[in-house]
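1. 3D, please:
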Amino acid sequence: MRLDVVVVTYESAGHLPACLGALPAEATVVVVDNASGDRSAAVAEEHDALVVRNSRNRGFAAAANQGAALGQADLLLFLNPDAVIDAPDLERLAASLDGDPRLFAVGPSLRRPDGREQRAWWPFPSPTATWLEALGLHRLRPPQAGAYGAVPFVVGACLLVRRQRFEALGGFDERFWLYGEEADLCYRAWARGWHVRHVADATARHVGGASGHAIGRLAFEHFQRGTEHFILKHHGTRALLAHRVGLLAGSVLRLSLAGVWRPASARITTRRAVTARLAGVLLRHPTRVTR
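-> Sure thing, here's the model as predicted:
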């Protein structure tokens with residue numbers, strides 16, 4: 001299997017040995033380090049990866065494009081530094097991709113280190129989806145994978161794509177700094193008539209949010225902006241405004257139901273942060289997304 005692997009790192013030294021150590025020896029591994037302050041780049045070099053050291057944090061999409069440009073293999077794996085996929089599971093992904101010429105991308109099931117399952121795929125963001133969730137109606141009809149595991153987009157923690165089609169799409173849109181880039185990529189692939197599949201019998205272990213934790217509040221902001229960039233790009237300014245108002249309404253409703261004066265849980269704290277952010281954004285630039 002001719003395979004290029006791209007790993008984008010930021011303060012990831014503690015996770016890299018497991019991530020890189022599980023990859024097949026014949027794979028070409030490129031690690032793009034976004035100006036980490038730890039030994040991420042050095043650890044990658046110790047594992048014989050080709051390392052690109054950025055002088056600043058360029059974000060995931062730009063760094064991933066950098067890494068992809070350095071390879072030539074037909075199959076291209078984007079792998080988070082806190083994710084581990086063993087050779088048999090990687091072979092299942094490749095076999096699924098090779099077995100269906102309609103496919104652009106595939107992703108495995110994801111499990112936390114303690115064995116708990118993570119969401120491995122999601123529906124595309126939209127103002128309709130935002131309002132359904134705000135009103136609690138999304139529970140009436142949970143999204144289901146289509147025939148043969150067809151899904152809107154798979155989580156980018158472990159994403160295997162055909163290089164030729166990735167390049168035809170122009171790679172990741174670099175306006176997506178940390179989140180939302182895989183949703184945008186898969187949306188553009190579906191628009192070309194190429195499919196995306198969740199391969200349920202392949203599994204990767206994924207800690208989740210390891211790089212995001214290192215930048216704290218900035219990661220929270222870019223998580224919100226990722227969805228906003230997607231909706232603005234693919235649905236327009238009115239849709240962005242509808243999404244923001246819907247998200248604000250849902251957050252206020254949940255805070256009211258939970259009781260704003262109760263001891264703060266992590267979920268309530270997040271809802272408060274979302275509410276405060278949206279109130280400011282809607283006042284300053286309701287139909288624009290800043291970088």
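2. report the buried residues of stretch 170-189.
-> Neighbour-count burial for stretch 170-189, counted by 16 or more other Cβ atoms under 10 Å, picks out 171-189. In short, each C-beta sits where N, CA and C put it, glycine included.
3. now what about it, what contacts it?
-> 59-62, 64-65, 68, 104-105, 122, 124-125, 152-156, 159, 165-166, 169, 195-196, 212, 219, 222-223, 225-227, 229-230, 233-234, 291 (Cβ atoms under 8 Å, 6 or more residues apart in numbering).
4. now the end-to-end length of that stretch.
-> One end of stretch 170-189 sits 11 Å from the other (Cα to Cα, to the nearest Å).
5. same thing with stretch 151-163?
-> Terminal-residue distance, stretch 151-163 (Cα to Cα): 20 Å.
6. again, but for stretch 175-187
-> For stretch 175-187, by Cα to Cα, the gap between its terminal residues amounts to 15 Å.
7. mind jotting down where the strands sit in the stretch 151-291 of the chain?
-> According to DSSP state E, counting those that start in this stretch, the stretch 151-291 of the chain carries its strands in the segments 153-154, 158-162, 195-206.
8. tell me the angle of the last one relative to strand 158-162?
-> Using axes from the mean of the first three to the mean of the last three Cα atoms, to 10 degrees, the interaxial angle of strand 195-206 with respect to strand 158-162 works out to 150 degrees.
9. CA atoms only for strand 195-206, dumped as CSV, please.
-> What follows is strand 195-206, C-alpha atoms only, in CSV (Å, rounded to 0.1, in the frame of the first residue of the first chain):
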residue,chain,number,x,y,z
HIS,A,195,-18.8,9.8,-1.9
VAL,A,196,-17.7,9.7,1.7
ARG,A,197,-18.0,6.6,3.9
HIS,A,198,-17.7,5.7,7.5
VAL,A,199,-16.0,2.3,7.7
ALA,A,200,-17.5,0.9,10.9
ASP,A,201,-15.3,-2.2,11.1
ALA,A,202,-12.1,-0.1,11.2
THR,A,203,-11.3,1.6,14.5
ALA,A,204,-8.8,4.3,15.6
ARG,A,205,-8.1,5.3,19.1
HIS,A,206,-8.5,9.1,19.7
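10. where in the stretch 151-291 of the chain is pLDDT low?
-> Residue ranges of the stretch 151-291 of the chain with pLDDT under 70: 209-216, 258-265.
11. list only buried entries from the contacts of stretch 170-189.
-> With burial judged by 16+ other Cβ under 10 Å, the buried subset of those is 59-62, 64-65, 68, 104-105, 122, 124-125, 152-156, 159, 165-166, 169, 195-196, 212, 219, 222-223, 225-227, 229-230, 233-234.
12. show me where the stretch 1-150 of the chain has its helices.
-> Using DSSP state H, counting those that start in this stretch, the helices found in the stretch 1-150 of the chain span residues 16-21, 40-46, 60-68, 87-98, 127-134.
13. and those helices, which is most packed in?
-> Comparing these by mean neighbour count (mean count of other Cβ atoms under 10 Å), helix 60-68 ranks first with a mean of 23.
14. show the model's pLDDT score for Arg141.
-> With respect to pLDDT, Arg141 scores 85.
15. and it, how close does it get to Ser126?
-> 15 Å (Cβ to Cβ, to the nearest Å).
16. same question, Pro24
-> Distance from Pro24 to Ser126, by Cβ to Cβ: 38 Å.
17. which one of these two is surrounded by more residues?
-> Ser126 (17 against 13; other Cβ atoms under 10 Å).
18. got a list of what the more buried one touches?
-> Contacts of Ser126 (Cβ under 8 Å, 6+ apart): Ile231, His235, Ala239, His243.
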